[in-house]
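Peer 1: sharing a model that was predicted from the sequence below.
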Protein chains: 2
Amino acid sequence: LARLGDIGEFGFLSRILPRLSPGPDTVVGPGQDCAAIRAARRPLLLTVDALVEGVHFKPGWLSARQIGRKSFLVNASDIAAMGGRPRVCLVSLGVPPSFPARDLFALQAGIVAAARAAKTTVVGGNLTRSAQLWVSVTLVAEAPKRIVTRQAARRGDRIYVTGTLGDAALGVRRLRAGRLGRASRAIARFREPLPRLRAGRLLVESGIASAMIDVSDGLVQDLGHICAESRVGARIDAHRVPLSKTYRAVLGAGDRLALHGGEDYELLCTVAERNVAQLERRRSQLGCPITCIGEITAGRGVRVVDARGELLTLRSKGHDHFSSPD
Amino acid sequence: LARLGDIGEFGFLSRILPRLSPGPDTVVGPGQDCAAIRAARRPLLLTVDALVEGVHFKPGWLSARQIGRKSFLVNASDIAAMGGRPRVCLVSLGVPPSFPARDLFALQAGIVAAARAAKTTVVGGNLTRSAQLWVSVTLVAEAPKRIVTRQAARRGDRIYVTGTLGDAALGVRRLRAGRLGRASRAIARFREPLPRLRAGRLLVESGIASAMIDVSDGLVQDLGHICAESRVGARIDAHRVPLSKTYRAVLGAGDRLALHGGEDYELLCTVAERNVAQLERRRSQLGCPITCIGEITAGRGVRVVDARGELLTLRSKGHDHFSSPD
């Protein structure tokens, strides 16, 4: 079986480049010193995010194709959080020489397939040797007409979250334990994030969202970023946090993993009271469920309360790549 | 001494983000889910390139600040090769938890300083844990009025190269051997590439260059890319390849390292005969020397000849990250 060290950098590129077809924005595609893309009428959104073997996943947790897909999708989630429309991406790869060439083709095909599904063209990249597999994707998107960041949540705004929380963290827990059982849907959520591009665009362009972030490091921690940057506090009603059937069946509705688990890649946004009616009217256009889970308050920081209004104390707020244990 | 594992991802970001000032293109700077930049009238050039510890440099070869500077400069060289004007960049970092926090600040400061010197703003990034240090920079530039790639060299075109070749490779050889001696200038060339942004822009916008590439993997190999993509051959006159005083003193003018050494980050371009006079007239505006080293020919591939016209055979054509020995 050919390893990357056998076919070499140029052997890989000579087989990959012909498979990368140009997109509507492409002036110069992959294989030159730079890609060139058409001038855009709108501002552009730019984001970069990386997956590292041994950090974001252990050997066996993801197929090579899934690694490729996920490396695109986590970036698309950041674009969704600002309401953008993904256009082109660049892929920077660090790969061990012992890595099977076939797997690298599968990884690359995964990126291209996930990009294509989001109408995005892979216009460039870089391949280097590395002891550890890592994939860093830079995604360029067309900005919406209005910019929404984490900085404009106001006291009294409702807090909404798309989809369900805690599934990916449950999936990781099961993968770690080697017991997959009833949690296969949760594992699928870890393996294949569902970036909420349609919902993000609608929530921004309609003027519904006052602040937005994607939940990647855990609900409490990511809501904490909105609070810190908007200089407000927040109350989460734990019993209103949306949970999947799998989560309820495996962990029970009382488990707190959904509050801090990470890797949800759902959208968390704040909505001024005057825009709640519009959100309700347009709910069916979002392409995913959305649930009110609390309210922006005076003060600072995130409080989590139960159905009786009693304060819950959490051991973990979310994920820090360097402070968190594996 | 604080290590990155002690201060954490958010500890690092909270100290770095206030130091990153917005630039003329910034709509949304670092610290949000995406950066946003103003719409551009011109097409954009995009490139990504990474430095990996143990692959592109061994411990001790570069200070943390130099790693940062170089990770920007190698990308700027790709932009130079297409005549672009760098505008904004994103930085994706993989860092071991044991990495000293002070060094990570220095690395980041090196990127920002090199970017600023090229009138470029750091608008975003990502930090992840990794077993091995790596830095992947995505650079966005304004495209010139005309696009020059590797694909339009024609038979009879003269081949030109900026600056001198082989210095960085000599520097690496000395660093590897632990004997620095007279080669400190060569080592400086390895540590701090000099991207030829001004020359690149002029050679493209004036219409002088028919094809261009930056010499990063070695002269013969990189010229080989122009030949393959333009479907032509090339003759290099080895005795005309520009060599520094240090190179001549340490290796002698007859040494072939300059033909395949890599990491030169000089520009290699082809010039139609009708444009040679214009190049000579504008030579002083390039900001660096430029030397004619051969000619595009019929056939395929790169031949290297000596002063008597005798064919030289090379053991190495250049660098392949996976096929080359360390």
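Peer 2: Good, I have the coordinates. Numbers count the residues shown, from 1 in each chain, chains lettered A, B, ... in the order given.
Peer 1: buried sites along stretch A:18-29?
Peer 2: A:20, A:23, A:25, A:26, A:27, A:28, A:29 (16 or more other CB atoms under 10 Å in any protein chain shown). For every residue, glycine as well, the C-beta is placed using N, CA and C.
Peer 1: quick one: contacts for the second one?
Peer 2: With contacts taken as CB atoms under 8 Å, 6 or more residues apart in numbering or on different chains, residue A:23 has the following neighbours: A:87, A:88, A:119, A:120, A:121, A:123.
Peer 1: got the confidence number for the fifth one?
Peer 2: We note a pLDDT of 97 for residue A:121 in this prediction.
Peer 1: any idea how far chain B is from it?
Peer 2: Computed with CB to the nearest CB, to the nearest Å, the distance linking residue A:121 and chain B is 11 Å.
Peer 1: do a quick rundown of the helices in the stretch 101-250 of chain A.
Peer 2: Assigned by DSSP state H, counting those that start in this stretch, the stretch 101-250 of chain A shows helices spanning A:101-117, A:167-177, A:184-191, A:197-205, A:219-230, A:245-250.
Peer 1: identify each buried residue in the last one, please.
Peer 2: Read it as helix A:245-250. By neighbour count, with 16+ other CB under 10 Å as the criterion, the buried positions of helix A:245-250 are A:246, A:247, A:250.
Peer 1: quick one: distance of that helix to the chain centre.
Peer 2: The offset between the C-alpha centroid of helix A:245-250 and the centroid of the whole chain comes to 22 Å, using CA atoms, centre = their mean, to the nearest Å.
Peer 1: next SSE downstream of it?
Peer 2: helix A:257-260 (DSSP states H and E).
Peer 1: which other residues reach stretch A:296-315?
Peer 2: Looking at stretch A:296-315 with CB under 8 Å, 6+ apart, the contacting residues turn out to be A:153-159, A:220, A:223-224, A:227-228, A:230-239, A:256, A:259-260, A:270, A:317.
Peer 1: tell me who's in contact with residue A:43.
Peer 2: Applying CB under 8 Å, 6+ apart as the definition, the contact partners of residue A:43 turn out to be A:143, A:147, B:27, B:36, B:37, B:38, B:39.
Peer 1: nearest residue to it other than its sequence neighbours?
Peer 2: residue A:143 (4.2 Å; CB to CB, 6 or more residues apart in numbering or on different chains).
Peer 1: quick one: contacts for the one you found?
Peer 2: The contact partners of residue A:143, taken as CB under 8 Å, 6+ apart, are A:42, A:43, A:44, A:45, A:82, A:83, A:84, B:27, B:36.
Peer 1: doesn't residue A:66 belong to a strand?
Peer 2: No: when the secondary structure is assigned by DSSP: H, G, I helix; E, B strand; the rest coil, residue A:66 falls in helix instead of a strand.
Peer 1: still on that earlier bit, can you put the contacts of residue A:23 in CSV and add neighbour count?
Peer 2: Compiled in CSV, these are given as follows (neighbours: other CB atoms under 10 Å in any protein chain shown):
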residue, neighbour count
A:87, 25
A:88, 25
A:119, 12
A:120, 25
A:121, 24
A:123, 28
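Peer 1: can you name the two of those residues that are farthest apart?
Peer 2: Among those, the pair separated by the greatest distance (CB to CB) is A:119 and A:123, at 13.3 Å.
Peer 1: one step back: show me which of the buried residues of helix A:245-250 is closest to chain B.
Peer 2: Relative to chain B, the closest of the buried residues of helix A:245-250 is residue A:247; by CB to the nearest CB it sits at 24.9 Å.
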